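Enquirer: Fold the following for me, if possible:
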Amino acid sequence: MRPQAGYACDPAASRGRLHSEPDTGKRGPRDAFQRDRDRIIHSVPFRRLWHKTQVFVAPDGDHFRVRLTHSLEVAQIGRTIARALGLNEDLTEALCLAHDIGHPPFGHSGEAVLQAEMAGAGGFDHNAHTIRLLTRLESPYPRHPGLNLSWETLEGLAKHNGPVTGAPPWALAEADLEFPLDLTTWPSLEAQVAAVADDIAYDNHDIDDGLRAGLFTLAELLEVPLVGRAWAEVRARFPDVEEARLVPELVRDQIGLMVGDVLDETARRLTDAGVETVDDVRGAGRPLAGFSADLAAEEAVLKRFLHTRMYNAPPVTAERDQAQAVVARLFAAYCEDPGRLPPDWRPPRADAVTTLRAIGDFIAGMTDRYAVRQHRELVGPVELPEGF
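Expert: Presented below is the predicted three-dimensional model:
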């Protein structure tokens with residue numbers, strides 16, 4: 001493993017955990033960030049990502065991405081970048097694996113419903129819910145709530161998209177009050193790398209899934225300049241191979257192109273800013289890991305194509321409408337009678353805010369299929385499109 005750079009997070013210099021833990025050595029020679037990664041992997045919310053929507057609701061094809069496979073792919077890309085930059089790979093991996101753990105059933109579609117239904121209780125934000133899950137709701141330890149993750153992991157998850165400006169969502173504000181996360185500064189380079197690895201993963205893997213689902217053709221995709229150039233290079237290397245077999249090669253090439261660009265651009269920014277320490281990273285006042293200006297512009301064109309031809313395609317929006325109806329009707333059913341919640345999830349007080357948040361917590365933890373099952377039991381049949 002490459003030696004860590006001075007601007008990498010050092011587990012030996014961690015700001016610690018909210019609840020002190022004596023290191024008895026009974027569970028192996030792992031440092032703070034390795035333990036964080038392992039706690040995330042072994043957690044129930046991480047396992048639930050297996051049945052949570054990435055783009056397609058309950059896809060009938062076994063080869064489409066779900067939140068779990070997406071998170072694993074982000075972690076692979078993030079670790080590659082972290083190693084090349086001399087960052088802490090374990091912290092980067094932990095942040096990549098956990099970045100989507102707060103998503104409710106049906107992804108952003110379910111989130112929009114929860115945001116509206118919980119407006120009277122501060123709303124819902126999946127990033128803030130990630131922190132709430134890991135600090136409060138997921139409680140496998142006997143003496144404290146949450147996974148008791150290190151400050152650096154919680155900070156990275158809270159700010160992986162950059163500083164939190166203005167009033168933070170209520171769930172994040174609660175966690176920050178208990179264990180201050182310096183929300184207004186830029187996060188570690190490990191967190192910034194996790195964010196750009198997320199972009200690289202879904203840009204390219206959604207190309208694969210969109211083609212597989214028949215939402216657009218290869219010819220239509222090649223009208224995107226970034227993809228068209230990459231395809232020309234692939235065809236030049238394999239002129240006698242049928243096109244269908246070259247799509248995975250295209251995806252690999254694009255991932256490699258984007259990773260290489262991030263490495264070059266991040267190294268340039270670090271040099272220009274004179275960054276030498278973790279404190280320099282947090283005090284830089286701007287992102288230090290990211291795409292070059294040219295690639296960022298081209299990546300934006302690709303994103304617009306995917307939004308038009310995939311995320312907002314009629315078959316996907318038809319699924320989205322039905323999925324949102326499932327979440328809305330479930331929320332209404334639990335509001336009508338909070339006693340329908342399992343005993344462990346019932347609000348400790350009867351006031352409106354506490355009740356709405358308890359219902360939101362319960363629904364947000366559901367997988368797609370569990371939400372459908374609960375709807376059938378409490379409300380009635382669910383008519384979701386057949387899928388892809």
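
Enquirer: Quick check: Val113 touching Ala328?
Expert: Yes. Using Cβ atoms under 8 Å, Val113 is in contact with Ala328, at 5.2 Å. Bear in mind the C-beta positions are built from the backbone N, C-alpha and C, glycine included.

Enquirer: Look at the two and report which has more neighbours.
Expert: Val113 (23 against 16; other Cβ atoms under 10 Å).

Enquirer: starting at the chain centroid, how far to stretch 126-139?
Expert: How far stretch 126-139 lies from its chain's middle: 13 Å, per Cα atoms, centre = their mean, to the nearest Å.

Enquirer: List of residues touching that stretch?
Expert: Residues outside stretch 126-139 that contact it (Cβ atoms under 8 Å, 6 or more residues apart in numbering) are 18, 40, 43-45, 98-104, 108, 111, 145-147, 149, 154, 157-158, 160-161, 168-172, 174-175, 178-179, 361, 364-365.

Enquirer: quick one: terminal-to-terminal distance for it?
Expert: End-to-end span of stretch 126-139 (Cα to Cα, to the nearest Å): 19 Å.

Enquirer: buried set for it?
Expert: 126-138 (16 or more other Cβ atoms under 10 Å).

Enquirer: likewise stretch 295-307?
Expert: Buried residues in stretch 295-307 (16+ other Cβ under 10 Å): Leu295, Glu298, Glu299, Leu302, Lys303, Phe305, Leu306.

Enquirer: Are we agreed that Ala296 is in a helix?
Expert: Yes. Assessed with DSSP: H, G, I helix; E, B strand; the rest coil, Ala296 lies in a helix.

Enquirer: Make sure it is actually in contact with Gly290.
Expert: Yes. Counting by Cβ under 8 Å, Ala296 touches Gly290, with 7.2 Å between them.

Enquirer: got any ranges where this structure has weak pLDDT?
Expert: 1-3, 23-25, 54-63, 385-388 (pLDDT under 70).

Enquirer: Find the centremost residue of it, please.
Expert: Asp100 (2.8 Å; Cα atoms, centre = their mean).

Enquirer: how close does the closest residue to that one other than its chain neighbours get to Ala236?
Expert: Spatially, and ignoring its direct neighbours in sequence, Asp100 is nearest to Arg67 (5.2 Å; Cβ to Cβ, 6 or more residues apart in numbering). According to Cβ to Cβ, to the nearest Å, Arg67 stands 36 Å off from Ala236.

Enquirer: okay, the two: which has more neighbours?
Expert: Applying other Cβ under 10 Å to Arg67 and Ala236 shows that Arg67 carries more neighbours, namely 21 against 8.

Enquirer: Off-centre distance for stretch 139-158?
Expert: That offset, for stretch 139-158, works out to 17 Å (Cα atoms, centre = their mean).

Enquirer: list the buried ones in it?
Expert: 146-158.

Enquirer: and these as JSON lines, adding secondary structure and distance to Asp199?
Expert: JSON lines is the format used below for the buried residues of stretch 139-158 (DSSP: H, G, I helix; E, B strand; the rest coil; distance: Cβ to Cβ, whole Å):
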{"residue": "Gly146", "secondary structure": "coil", "distance to Asp199": "28"}
{"residue": "Leu147", "secondary structure": "coil", "distance to Asp199": "26"}
{"residue": "Asn148", "secondary structure": "coil", "distance to Asp199": "30"}
{"residue": "Leu149", "secondary structure": "coil", "distance to Asp199": "24"}
{"residue": "Ser150", "secondary structure": "strand", "distance to Asp199": "25"}
{"residue": "Trp151", "secondary structure": "helix", "distance to Asp199": "25"}
{"residue": "Glu152", "secondary structure": "helix", "distance to Asp199": "22"}
{"residue": "Thr153", "secondary structure": "helix", "distance to Asp199": "20"}
{"residue": "Leu154", "secondary structure": "helix", "distance to Asp199": "22"}
{"residue": "Glu155", "secondary structure": "helix", "distance to Asp199": "20"}
{"residue": "Gly156", "secondary structure": "helix", "distance to Asp199": "16"}
{"residue": "Leu157", "secondary structure": "helix", "distance to Asp199": "16"}
{"residue": "Ala158", "secondary structure": "helix", "distance to Asp199": "19"}
